[in-house]
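Visitor: Below: sequence and its predicted model.
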Amino acid sequence: MIRIIFTILAVIAFIFPGGTACDVSAARIKDIASLQGVRNNQLLGYGLVTGLNGTGDDMKKSGYTLQAVYNMIARNGITLDPDNIEDIKVNNIAAVMVTAKLPPFARPGSTVDVHVSSIGDADSLAGGTLLMTPLRGANNKVYAVAQGPLTIGSFSFGGKAATVQQNHPTAGHISSGAIVEGTVPVVLGKDGQLFYQLNNADFTTATNMAKAINSSYEEEIAHPLDSGTVKVMIPASYQDTKVEFISAVERLQVDPDSNARVVLNERTGTIVMGKDVKLSTVAVSHGNLSLIIREDSEVVQPNPLAEGDTVTVPRTQITVTEDQGQLIVLDMDKDEVTIGEIATALNAIGATPRDLIAIFQAIKASGSMHGELIIL
């Protein structure tokens with residue numbers, strides 16, 4: 001598998017010789033940065049799902065579900081004895097948590113999608129309907145109200161001996177299931193200033209972004225404040241058309257930069273190398289050590305005419321096999337080293353993905369790798 005990955009990398013390096021054609025790939029500002037204050041807001045609510053086919057919460061174990069059902073019934077004008085609340089036997093209802101994202105500039109009357117997940121011991125939410133559930137923000141204010149039938153996209157059937165299940169039947173989705181009732185105010189261009197936040201903070205990218213904006217408008221209106229924020233002054237000619245100015249800025253092309261990284265995933269054996277990873281000259285020895293331990297039993301009988309018993313004696317055989325190591329010199333001490341050259345040099349050792357992870361860790365520890373090593 002790793003040879004296929006390295007072959008693909010080598011082909012990429014062949015198509016773009018020296019790495020110069022793909023080292024710098026321009027990106028739009030809207031893809032690498034976001035406007036400060038223009039973001040989603042998380043909403044959360046507690047509700048009930050009804051109409052389940054006997055797959056709801058166990059009322060004896062889920063006291064909060066029982067209390068919620070009692071409150072719902074009381075709000076609808078039905079009087080129950082609070083002392084006999086435990087007598088309610090309803091297994092067609094499940095307590096759920098409802099989450100949603102309030103997008104920026106959402107207005108009352110617009111709709112958003114909601115996600116519903118069980119918090120009790122319900123077996124399935126299939127066929128259920130979410131009752132009216134207020135969705136609150138971090139300030140405990142209601143910004144939306146959710147209600148409607150759930151879409152599960154899974155099933156769970158079975159009996160006492162076996163069960164068949166696909167996906168997760170205790171979580172569902174309601175498309176456009178919440179109506180926005182409140183808004184979060186967003187002020188664009190306060191005091192004639194805009195602040196862009198980079199998705200990945202980098203001093204070089206922030207500088208390139210400011211240069212691209214200043215070059216487009218032929219005046220110094222953009223200034224990087226730090227590695228993650230760029231301040232943009234709205235020109236006088238765009239004070240009344242701020243949206244048009246923002247639209248024009250976010251379409252500008254910028255050359256983003258990033259740190260040299262090698263990402264290793266030990267669980268899957270995946271190795272990803274960034275374009276700026278450099279290696280100094282380093283020697284790597286690779287070998288495999290096999291240790292085989294085998295337990296056998298041997299029957300031992302006494303000599304003829306000798307007194308004694310026939311016994312079984314364990315015998316242990318230990319075999320150690322070590323492949324001849326290869327000392328490979330990775331000569332990377334030059335100005336331009338492509339990903340394909342690094343891949344070809346490491347592939348010459350014939351290592352597996354697991355071995356390559358250990359090799360990269362050792363190369364980093366030796367100080368020969370110039371970049372960040374990230375292990376997932």
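Guide: Received, thanks. Numbers count the residues shown, from 1 in each chain.
Visitor: contacts, neighbours, all on C-alpha from now
Guide: Noted.
Visitor: Can you tell me, leaving aside adjacent residues, what's nearest to residue 102?
Guide: residue 41 (5.0 Å; C-alpha to C-alpha, 6 or more residues apart in numbering).
Visitor: I figured that neighbour hits residue 106, correct?
Guide: No. With contacts counted by C-alpha atoms under 8 Å, residue 41 stays clear of residue 106, the gap being 10.5 Å.
Visitor: Name the residue in the two with the higher neighbour count.
Guide: Neighbour totals were compared for residue 41 and residue 106, and residue 106 leads with 17 against 14 (other C-alpha atoms under 10 Å).
Visitor: Identify the bridge partners of residue 134.
Guide: Here residue 134 sits in beta bridges with residue 145, going by DSSP bridges.
Visitor: Tell me, how many residues neighbour it?
Guide: For residue 134, using other C-alpha under 10 Å, the count is 21.
Visitor: Quick check: it touching residue 48?
Guide: No. Contact criterion C-alpha under 8 Å: residue 134 and residue 48 do not qualify, at 11.3 Å.
Visitor: still on that earlier bit, for the residue nearest to residue 102, what are phi and psi?
Guide: When read as degrees, to the nearest 10, the backbone of residue 41 gives phi -130, psi 130.
Visitor: tell me the contacts of residue 270?
Guide: Residue 270 is in contact with 264, 353, counting by C-alpha atoms under 8 Å, 6 or more residues apart in numbering.
Visitor: again but with residue 133, I slipped
Guide: Going by C-alpha under 8 Å, 6+ apart, residue 133 touches 45, 46, 47, 48, 98, 145, 146, 147.
Visitor: which of these sit farthest apart?
Guide: Taking C-alpha to C-alpha as the measure, these span a maximum distance of 13.1 Å, between 48 and 145.
Visitor: just how off-centre is stretch 40-55 within its chain?
Guide: 24 Å (C-alpha atoms, centre = their mean, to the nearest Å).
Visitor: measure the residue nearest to residue 102 to residue 246 for me?
Guide: Distance check for residue 41 against residue 246: by C-alpha to C-alpha, to the nearest Å, it reads 21 Å.
Visitor: And the helices in the protein, which stretches?
Guide: Secondary structure of the chain (DSSP state H): helices located at 2-15, 29-32, 63-75, 203-217, 242-250, 339-347, 353-366.
Visitor: What are the buried residues along the second one?
Guide: Within helix 29-32, the residues that count as buried by 16 or more other C-alpha atoms under 10 Å are 29, 30, 32.
Visitor: Looking at those residues, spot the one nearest residue 210.
Guide: residue 29 (10.4 Å).
Visitor: pLDDT below threshold where in the stretch 51-200 of the chain?
Guide: For the stretch 51-200 of the chain, the stretches flagged by pLDDT under 70 are 82-89, 154-167.
Visitor: mind listing the strands for it?
Guide: 94-102, 111-118, 129-136, 142-149, 155-158, 163-166, 171-180, 193-198 (DSSP state E, counting those that start in this stretch).
Visitor: and of those strands, who's closest to residue 263?
Guide: strand 193-198 (21.5 Å).
Visitor: Would you mind getting the angle between that closest one and helix 203-217?
Guide: 140 degrees (axes from the mean of the first three to the mean of the last three C-alpha atoms, to 10 degrees).
Visitor: Quick one: residues contacting the nearest residue to residue 253 once chain neighbours are set aside.
Guide: The spatial neighbour of residue 253 that comes closest, neighbours along the chain excluded (C-alpha to C-alpha, 6+ apart), is residue 28 at 4.6 Å. Listed by C-alpha under 8 Å, 6+ apart, the contact set of residue 28 reads 250, 251, 252, 253, 254.
Visitor: and what of residue 108?
Guide: Residue 108 neighbours (C-alpha under 8 Å, 6+ apart): 179, 180, 181, 182, 183.
Visitor: Isn't residue 196 up against residue 38?
Guide: No. Residue 196 lies out of contact with residue 38 (C-alpha under 8 Å); the separation is 10.0 Å.
Visitor: ok, the two, which is more surrounded?
Guide: residue 196 (23 against 15).
Visitor: The more buried one and residue 223: what is the separation?
Guide: From residue 196 to residue 223 the distance is 10 Å (C-alpha to C-alpha).
Visitor: Mind listing the shared neighbours of these two?
Guide: Common neighbours of residue 196 and residue 223 (C-alpha under 8 Å, 6+ apart) are 230, 231, 232.
Visitor: what's the burial count for the second one?
Guide: Read that as residue 231. 18.
Visitor: next one: the last one
Guide: A count of neighbours around residue 232, defined by other C-alpha under 10 Å, yields 21.
Visitor: bridging residues for it?
Guide: Residues in beta-bridge contact with residue 232 (DSSP bridges): residue 194, residue 222.
Visitor: Make a PyMOL selection of the buried ones in the contacts of residue 28.
Guide: Restricted to buried positions by 16+ other C-alpha under 10 Å, the PyMOL selection for the contacts of residue 28 reads:
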select buried, resi 250+252+253+254
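Visitor: Just give me the closest of the contacts of residue 28 to residue 204.
Guide: Taking C-alpha to C-alpha as the measure, residue 204 lies nearest residue 254 of those, at 10.7 Å.
Visitor: That closest one and residue 212 touch, don't they?
Guide: Yes. The pair residue 254 and residue 212 passes the contact test of C-alpha under 8 Å, sitting 6.4 Å apart.
Visitor: Report pLDDT for residue 46.
Guide: Predicted confidence (pLDDT) for residue 46: 95.
Visitor: Identify the residues contacting it.
Guide: Under the criterion of C-alpha under 8 Å, 6+ apart, the neighbours of residue 46 are 95, 96, 97, 98, 133, 134, 135.
Visitor: May I ask you to confirm that the second one is in contact with residue 121?
Guide: The one in question is residue 96. No. With contact defined as C-alpha under 8 Å, residue 96 does not count as touching residue 121 (10.4 Å).
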